[in-house]
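Engineer: Requesting a structural model of the entry that follows:
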Amino acid sequence: MLLGPLAWAGPGDRSTLKRGESPVIVEGKALKPVLGKGKESLRLYAWREGAAVAIPYQIDERTPAGAFAFPEGDERRSDTDDGRFDNNDELVFMARDVGDRAPPQAFALGQSQTTELVVRDPKGRGWVYLLHFAKAPPPRAKRRYVDLDRRGPRLVGWTGDRVQVVTGGAPAHFLDLRQLRFARARGGFGPDLLDRAKLDLRLGYLFLDVRRRTDEVRAEWTSYRAGPVRITAAYLLECYLIWGHWIRSTKRCSLTVYGNRMELEAEVSLPVALEVNRKSELRMSLDFAPSAGPVQIWSRRNPKPIKADGRGKDPRLSGLKTSRCEWVAASTGLGGVLARLHLDPALQKRRHKLFLLDGPAPDPPEDARGSHGNCGFVVDLSGATAGNYNLRVTLHFAQDLKPGGERALLEVEDQPLSCEPTTLSSGSR
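Structural biologist: Reported below is the predicted structural model:
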């Protein structure tokens with residue numbers, strides 16, 4: 001549907017933003033023109049080829065304390081803004097949806113106010129338009145980038161525009177990833193490429209060596225919001241240590257899922273001090289399935305891909321540079337994953353390293369025996385004192401990931417996009 005003048009944007013007003021992997025997150029305090037407006041009275045548009053196009057977006061509410069408000073789950077939290085857009089709410093959309101700058105008076109949808117948002121990074125820019133309607137607004141964009149998958153009342157994973165993820169084990173054990181399927185160009189999803197996501201915790205406490213794996217960890221969503229652009233959730237994480245001691249998450253734990261990535265933030269309370277001279281470590285890894293075929297794996301310090309096929313024959317496996325590993329990439333012929341690790345200062349001072357295992361030796365829990373490009377991180381915990389520790393893990397999913405392609409994924413976190421609003425009068429500049 002063509003709306004308003006069909007004038008094309010001038011050369012300087014064309015979108016030049018090349019950030020298809022990045023979300024745009026705008027805090028309410030930066031959007032003063034719409035503060036106090038009803039959230040349901042707002043709509044977001046882009047201008048493309050002489051037409052206004054509704055684009056997917058969501059407004060995530062935060063409580064006065066700054067925590068996300070969640071409408072679903074066992075521990076729901078409500079905002080106190082009476083459904084109005086306030087300072088700490090967040091407008092969220094994908095940078096891939098920005099368009100050109102609209103000509104004057106382009107939007108004629110019955111809106112009472114138009115706010116132009118220019119989205120920038122150092123190399124380019126693009127535009128979207130936030131419209132307020134005093135009366136009933138037009139329908140929202142139909143497209144969704146991510147959806148929660150349920151089996152009855154139970155959450156069993158999510159389906160995004162890039163990947164489909166299935167979890168298993170105990171109810172809502174979202175860390176126990178069992179299946180990973182990449183979207184096909186012709187529609188639908190390809191075969192499962194994942195054996196398991198794995199946690200392996202080894203702790204030296206007093207005279208004991210304690211070991212806990214994925215199936216001995218409880219990881220459960222307690223509350224969540226499922227929007228068309230991202231899913232935000234709070235969760236509970238706990239693992240029994242010994243003699244009545246539990247390792248538990250604090251309330252500062254969150255999971256964010258987009259169509260192309262997941263972000264896990266955890267603050268975990270360690271109840272006891274670990275032995276200085278005994279090995280203690282946390283390993284987090286993804287083990288691929290034989291159906292993935294050969295897996296190419298590389299990192300910042302190992303830029304030339306290593307071939308992992310479950311046989312452990314690549315001679316470079318014995319000469320890996322493993323120390324200080326911040327990210328590792330793994331690519332199959334059907335899709336790839338970039339895993340990234342962020343540690344708080346207390347953990348950053350400790351040794352953390354690349355983990356890569358390929359071969360027939362068992363590594364339970366597993367569906368396929370052995371390791372097939374089993375890669376991730378190991379964090380040294382030897383001598384850690386009792387207290388709270390923070391870490392963040394991000395998994396970026398890409399359908400065609402090759403060496404050098406990780407830069408576009410890393411800049412999602414390293415170069416967040418800026419967004420500048422300008423109020424237009426009745427849809428005209």
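Engineer: What are the boundaries of the strands in the stretch 251-400 of the chain?
Structural biologist: 254-258, 261-270, 281-288, 295-299, 306-308, 327-332, 335-343, 352-359, 371-380, 387-398 (DSSP state E, counting those that start in this stretch).
Engineer: helices or strands up against the fifth one?
Structural biologist: For strand 306-308, the contact count by 3 or more Cβ pairs under 8 Å, 6 or more residues apart in numbering; DSSP states H and E identifies strand 295-299, strand 352-359, strand 371-380 as packing neighbours. In short, each C-beta sits where N, CA and C put it, glycine included.
Engineer: again, 6 Å this time
Structural biologist: Strand 306-308 sits against strand 295-299, with contacts defined as 3 or more Cβ pairs under 6 Å, 6 or more residues apart in numbering; DSSP states H and E.
Engineer: Let me see the domain layout of this structure.
Structural biologist: 11-143+418-424, 146-398 (automatic domain parsing).
Engineer: which stretch among the strands of the stretch 251-400 of the chain comes nearest Asp414?
Structural biologist: Of all those, strand 335-343 sits nearest to Asp414, with 9.9 Å by Cβ to Cβ.
Engineer: Pull the residues that contact the closest one.
Structural biologist: With contacts defined as Cβ atoms under 6 Å, 6 or more residues apart in numbering, strand 335-343 is touched by 182, 327-330, 377, 391-399, 401, 406, 409.
Engineer: quick one, it and strand 327-332 angle?
Structural biologist: Counting by axes from the mean of the first three to the mean of the last three Cα atoms, to 10 degrees, strand 335-343 lies at 170 degrees to strand 327-332.
Engineer: which neighbours does strand 335-343 have in its sheet, and in what orientation?
Structural biologist: Strand pairing for strand 335-343, determined by DSSP bridges: strand 327-332 (antiparallel), strand 387-398 (antiparallel).
Engineer: Quick check: chain neighbours aside, which residue is closest to the residue nearest the centre of the chain?
Structural biologist: For the chain, the residue nearest the mean C-alpha position is Met262 (2.5 Å; Cα atoms, centre = their mean). Using Cβ to Cβ, 6 or more residues apart in numbering and skipping the chain neighbours, the partner closest in space to Met262 is Leu395 (5.1 Å).
Engineer: Let's see the pLDDT reported for Cys375.
Structural biologist: With respect to pLDDT, Cys375 has a value of 98.
Engineer: For it, which residues are in contact?
Structural biologist: Contacts for Cys375 (Cβ under 6 Å, 6+ apart) come out as 285, 297, 328, 330, 356.
Engineer: now with 7 Å?
Structural biologist: 285-286, 297, 328, 330, 355-356 (Cβ atoms under 7 Å, 6 or more residues apart in numbering).
Engineer: and if you look at Arg392?
Structural biologist: Applying Cβ under 7 Å, 6+ apart to Arg392 gives the contacts 263-265, 342.
Engineer: cutoff 8 Å now
Structural biologist: Contact analysis of Arg392 by Cβ atoms under 8 Å, 6 or more residues apart in numbering lists 263-266, 341-342.
Engineer: For it, give the beta-bridge partners.
Structural biologist: Here Arg392, judged by DSSP bridges, has bridge partners Glu265, His342.
Engineer: measure it to Leu424 for me?
Structural biologist: Using Cβ to Cβ, to the nearest Å, Arg392 is found at 38 Å from Leu424.
Engineer: got any ranges where the chain has weak pLDDT?
Structural biologist: 1-12, 79, 169-172, 425-429 (pLDDT under 70).
Engineer: Now do the longest helix along it and strand 327-332, the angle between them.
Structural biologist: For the chain, the longest helix by residue count, based on DSSP state H, is helix 406-414. Computed by the same axes, to 10 degrees, the angle separating helix 406-414 from strand 327-332 equals 140 degrees.
Engineer: Next, give phi and psi for the closest residue in space to Glu275 that isn't next to it in sequence.
Structural biologist: Using Cβ to Cβ, 6+ apart and skipping residues adjacent in sequence, the residue nearest Glu275 is Gly204, 4.2 Å away. With angles defined as degrees, to the nearest 10, Gly204 sits at phi -100, psi 110.
Engineer: OK, contacts around Gly204?
Structural biologist: If you count contacts by Cβ under 8 Å, 6+ apart, Gly204 has them with 210, 274-275, 277-280, 382.
Engineer: could I get the residues you listed as a markdown table with distance to Trp127 and neighbour count?
Structural biologist: Converted to a markdown table, the contacts of Gly204 look like this (distance: Cβ to Cβ, whole Å; neighbours: other Cβ atoms under 10 Å):
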| residue | distance to Trp127 | neighbour count |
| --- | --- | --- |
| Val210 | 55 | 17 |
| Leu274 | 53 | 20 |
| Glu275 | 58 | 18 |
| Asn277 | 60 | 7 |
| Arg278 | 58 | 16 |
| Lys279 | 55 | 13 |
| Ser280 | 52 | 21 |
| Ser382 | 52 | 17 |
